[in-house]
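>>> have a look at this prediction, sequence included:
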Amino acid sequence: MQTFRHFCRTKYIASLNNNLSAEQRSVIEGTPFGWFTMLKGSLKISRKLLSSLISLWVERRGGFLISNEFVRLSLFDVCLRLCLRVHGESINLDEVDVQCECKKLLNNKSVDVDMVYDFLVRCRDEVTLEDYCRLYILLGISEFLCPSRMGTIFPIFFTIVDDLSSLGKYNWVDLFMNT
């Protein structure tokens, strides 16, 4: 059985959303991660509700049995609802040698979500529109979609956000299945 988190961290993205310019919002909304701009606070599922849902999960069928009705739900369904591709290029979280423009902005070998958030708040008016949006999306992926326990950012994500126009080419279902 897969493990479930009972909350999704959105503290930093929600805070940044309060101060996005119209141009920043427009660029971000033009990517598969445009829905990040709608996050307003931490998304919490009560532990009791989560426990109840887990008890209704039917592993062999991939869904929930609720009041004698079967409700199928898969990562595929979740990715489709979030407008993330379910086919395409795989993302290798073990890739470590990353040379990209986005990483150069932060001048550190190991980067965590706190550093990216602090940089975006501190340097908001000093970076280009595209660089701000790259780092914003990097933060959203690393804080919400694929967080690490220590808050560090997987190096491959720097490469992925370096080219905003190709964000839709990756297979996000495989990423979630392997984390």
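The structure has been received and is ready for your questions.
>>> and the lengthiest helix in the chain, what other elements does it pack with?
Scanning the chain for the helix with the most residues, using DSSP state H, yields helix 129-140. Contact here means 3 or more C-beta pairs under 8 Å, 6 or more residues apart in numbering; DSSP states H and E; on that basis helix 129-140 packs against helix 11-17, helix 22-29, helix 101-104, helix 113-122, helix 156-162. Just so you know, the C-beta spots here come from the backbone N, C-alpha and C atoms, and that holds for glycine as well.
>>> those helices: which one's closest to N92?
Closest to N92 of the helices and strands packed on helix 129-140 is helix 156-162 (C-beta to C-beta; 6.1 Å).
>>> mind giving me the packing neighbours of the closest one?
When contacts are defined as 3+ C-beta pairs under 8 Å, 6+ apart, helix 156-162 sits against helix 101-104, helix 129-140.
>>> please identify the most buried of those helices.
Counting by mean count of other C-beta atoms under 10 Å, helix 129-140 has the highest mean neighbour count of the helices and strands packed on helix 156-162, with a mean of 22.
>>> thinking again about what came up before, now the longest helix of the chain: how far from the chain's centre is it?
Put simply, helix 129-140 sits 12 Å off its chain's centre (C-alpha atoms, centre = their mean, to the nearest Å).
>>> quick check: the residue of the chain positioned farthest from its centre vs L56, distance?
Note on the chain: the largest C-alpha distance from the chain mean falls to N68, namely 33.8 Å (C-alpha atoms, centre = their mean). Here N68 is placed at a distance of 11 Å from L56 (C-beta to C-beta, to the nearest Å).
>>> cool, R122 as well?
Taking C-beta to C-beta, one finds R122 at 46 Å from L56.
>>> ok, these two, which is more surrounded?
L56 (14 against 9; other C-beta atoms under 10 Å).
>>> so how far is I137 from Q99?
Here the criterion is C-beta to C-beta. By it, Q99 lies 19 Å from I137.
>>> how about low-confidence regions in this protein?
For the chain, applying pLDDT under 70 flags the ranges 1-8, 42-54, 73-83, 85-86, 97-98, 108, 174-179.
>>> fine, thanks again, bye for now.
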